[in-house]
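Novice: everything below, folded, please.
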Amino acid sequence: MKFDVNFDVQVPNPRERQRATAYAFGGCTSDLRSGSCAGCLGRCDRSFTQAMFCQMGVSTLISFSTKDSVVIMHGPVGCGSQSHGIDFSIKQYGAARGVKMEGVRWLSTNLTETDVISGGNEKLYDTIIEADRRFRPTAIFVCNTCAPGVIGDDIESVVNHAQEQVTATVVPLHCPGFGAKVFSSAYDVVYHGIMHRFGFEPKKYIDYTPFDKSDPDYEIKKQRYEYKKSRTVTLYNAWSIGPGDEKEIKRLLNALGINVNIFVEYKEPDDWRFITETALNVSFCHVHDVYFLEYLKREFGIPYILPTIPIGTDQTVKFIKAIAEFFGLEKEADFLLKKETEKLKKALVPIRKNVEGKSVLISGGFLRIGATGLLADEIGLKVVGFRNFNYDEFGDQLFSEVQEKIGDVQNAVSTQANELVNMVYKLKPDIAISHPSVGVWLVKAGVPSLTLFAQRFTYFGFTGAYSLAKRIERTLKNTAYARNISAHTKLPYQEQWYGKSPYHYITGLPETDKPTI
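Specialist: Below you'll find the model as predicted:
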């Protein structure tokens, strides 16, 4: 895989440049994969674009879920409007992990038209000082929005100057919405800021007391510590991964005698010093954190693997086996996974009888929707299409399996609601599984919708596979809500739009003889 990154730059490249991540495509799975392998997806663009996700908004997810942090939105006050809705989630899902979170604490520099002309550096400095005085946090994240990004406010200089006056560690995040067409670039931006402002090794006499060489038990204590570290794996969570997901994978790995650490969300920055106390780093979903894992490998020599996302039987088995293989526990893993698989298959039999033959469209991040599609196929659903937010070669292996097991179905790369609604009208799925906030468009189109992820549910592992299958069954039992909403709602598109291909506004598509919609 091509992963050419320079960690010494001030601002990381957006993923469309760093990883050649595509943000526009329409066709079949085979065309998506061949275009990715040939490096052709980067030629695709749009002649027309409506609203899309903003990397600044996504940057706040890790920032807000860092315990004892404050986030400063450097821009107009409206850039922080979504923050109020996150407050409840932060508290609730922190508590579910045994962590008492302060909730969302954020300030805005409230730039005006005058500030956009004269600059907002002074306001930013004053806001950093006020955030430290008012909250006494461990970390202050400064999110650079579009307006100061356009006029060229030097937030690095302001942050460095303010750092001398405050006790909190101040982290500049270069995340103006216009700075990336691939919104998941935000994860790299946040990790880039974190890695340049925090340490990742325990501090002597603060985090631990060194073993005394004169102690008769010195060698035993040292070997015990080294053995524990050699049997420890660190998993990296994200906003889309719930406490139930973490608990399920931890259960399976603990059953093999593997210690499990989970970073970075819902931790204090001081906890991050223990990130290097591990033998192996593993990404739950490498859309989020492969940038950081590569940094830890180069800087501290910690290996990492990107097995798959553990959704559904086969992907969970692959995920656990890959970790077990690293620790030399293949036989133990085979025994455990065989038992777990047998239990799940038996539990899914009655569900399959009720949902078999129903069609489903799946929309969201490419790794998660690919694995969810395989689970849907496992319980007898007919997957008629995928809608990826973006796509790059990190998904090629998974979608090779998707094509083999599900077939060469429609596969789009899009963040556009109008294109999704058009796909729904053409493919007519019985149910859709989609990213939160997208379901409203599906329900208005008359299609029952389930969320692709939600922290209050479990999606990972064997428990998650059963849980999601059960919710699919329950949703298909009663579709009245979607029918009623659709009957009394008019979508904001003209009839002529539905007569066009959903890929009508995508330019640079490769020629193909495959059927399209």
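
Novice: helix, strand or coil for Ala465?
Specialist: Secondary structure state of Ala465, per DSSP: H, G, I helix; E, B strand; the rest coil, is helix.

Novice: quick one, what contacts it?
Specialist: Applying CB atoms under 8 Å, 6 or more residues apart in numbering, we find Ala465 in contact with Ile311, Gly312, Thr313, Thr316, Leu344, Leu348, Leu375, Glu378. No exception for glycine: its C-beta is placed from N, CA and C like everyone else's.

Novice: now do the strands in the stretch 151-300 of the chain.
Specialist: 169-173, 232-236, 259-263, 280-283 (DSSP state E, counting those that start in this stretch).

Novice: swap in the stretch 301-450 of the chain?
Specialist: Using DSSP E, counting those that start in this stretch, strands in the stretch 301-450 of the chain cover 304-305, 359-364, 382-388, 410-413, 431-434, 449-451.

Novice: distance to Thr458 for those strands - can I get that in a markdown table?
Specialist: A markdown table is the format used below for the strands of the stretch 301-450 of the chain (distance: least, CB to CB, whole Å):
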| stretch | distance to Thr458 |
| --- | --- |
| strand 304-305 | 23 |
| strand 359-364 | 17 |
| strand 382-388 | 22 |
| strand 410-413 | 27 |
| strand 431-434 | 15 |
| strand 449-451 | 13 |
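
Novice: ok, which of those comes nearest Lys250?
Specialist: Within the strands of the stretch 301-450 of the chain, the stretch nearest Lys250 is strand 304-305; the backing value is 17.1 Å (CB to CB).

Novice: name the strands paired with that closest one and say parallel or antiparallel.
Specialist: Applying DSSP bridges, strand 304-305 is found paired with strand 280-283 (parallel).

Novice: ok, residues contacting the partner strand?
Specialist: In contact with strand 280-283 (CB under 8 Å, 6+ apart) are residues 232-236, 289-290, 293, 296-297, 302-307, 322-323, 326-327.

Novice: any of these buried? List them.
Specialist: Those of those that meet the buried threshold are 232-236, 289-290, 293, 296, 302, 304-307, 322-323, 326-327, by 16 or more other CB atoms under 10 Å.

Novice: quick revisit: turn the strands of the stretch 301-450 of the chain into JSON lines, including distance to Glu511 and mean pLDDT.
Specialist: Converted to JSON lines, the strands of the stretch 301-450 of the chain look like this (distance: least, CB to CB, whole Å; pLDDT from 0 to 100):
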{"stretch": "strand 304-305", "distance to Glu511": "37", "mean pLDDT": "98"}
{"stretch": "strand 359-364", "distance to Glu511": "25", "mean pLDDT": "98"}
{"stretch": "strand 382-388", "distance to Glu511": "21", "mean pLDDT": "98"}
{"stretch": "strand 410-413", "distance to Glu511": "17", "mean pLDDT": "96"}
{"stretch": "strand 431-434", "distance to Glu511": "30", "mean pLDDT": "98"}
{"stretch": "strand 449-451", "distance to Glu511": "34", "mean pLDDT": "97"}
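
Novice: the ones you listed: which one's closest to Val116?
Specialist: Of all these, strand 410-413 sits nearest to Val116, with 33.6 Å by CB to CB.

Novice: packing partners for that closest one?
Specialist: In this structure, strand 410-413 makes packing contacts with helix 29-38, strand 382-388, helix 417-427, judged by 3 or more CB pairs under 8 Å, 6 or more residues apart in numbering; DSSP states H and E.

Novice: now, of the ones you listed, which is deepest in the fold?
Specialist: The highest mean neighbour count among the helices and strands packed on strand 410-413, using mean count of other CB atoms under 10 Å, belongs to strand 382-388: a mean of 24.

Novice: so which elements touch that one?
Specialist: Using 3+ CB pairs under 8 Å, 6+ apart: strand 382-388 touches strand 359-364, helix 366-378, strand 410-413, helix 417-427.

Novice: got TSV for these, with distance to Thr209 too?
Specialist: Compiled in TSV, those are given as follows (distance: least, CB to CB, whole Å):
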stretch	distance to Thr209
strand 359-364	46
helix 366-378	42
strand 410-413	53
helix 417-427	57
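
Novice: residue contacts, Arg17?
Specialist: With CB under 8 Å, 6+ apart, Arg17 has no contacts at all.

Novice: what about it, distance to Cys37?
Specialist: For Arg17, the distance to Cys37 equals 19 Å [CB to CB, to the nearest Å].

Novice: ditto for Asn388
Specialist: Distance of Asn388 to Cys37, given as CB to CB: 16 Å.

Novice: hang on, the earlier thing: nearest to Cys79, out of the helices and strands packed on strand 410-413?
Specialist: helix 417-427 (21.2 Å).

Novice: return the distance of that closest one from the chain's centre.
Specialist: 24 Å (CA atoms, centre = their mean, to the nearest Å).

Novice: alpha carbons only: can I get that helix in CSV?
Specialist: Taking Å, rounded to 0.1, in the frame of the first residue of the first chain, the C-alpha atoms of helix 417-427 are listed here in CSV:
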residue,chain,number,x,y,z
ALA,A,417,-27.9,13.3,-0.6
ASN,A,418,-29.4,13.8,-4.1
GLU,A,419,-27.3,10.9,-5.5
LEU,A,420,-28.3,8.6,-2.6
VAL,A,421,-32.0,9.3,-3.0
ASN,A,422,-31.6,8.7,-6.8
MET,A,423,-29.9,5.3,-6.0
VAL,A,424,-32.8,4.4,-3.7
TYR,A,425,-35.4,5.2,-6.4
LYS,A,426,-33.5,3.0,-8.9
LEU,A,427,-32.6,0.1,-6.7
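
Novice: what's in contact with it?
Specialist: Taking CB under 8 Å, 6+ apart as the rule, helix 417-427 contacts 26, 50-51, 359, 361, 363, 384-385, 387, 410, 412, 414, 432, 438, 441-442, 445, 447, 491, 493, 497-498, 500-503, 505, 517.
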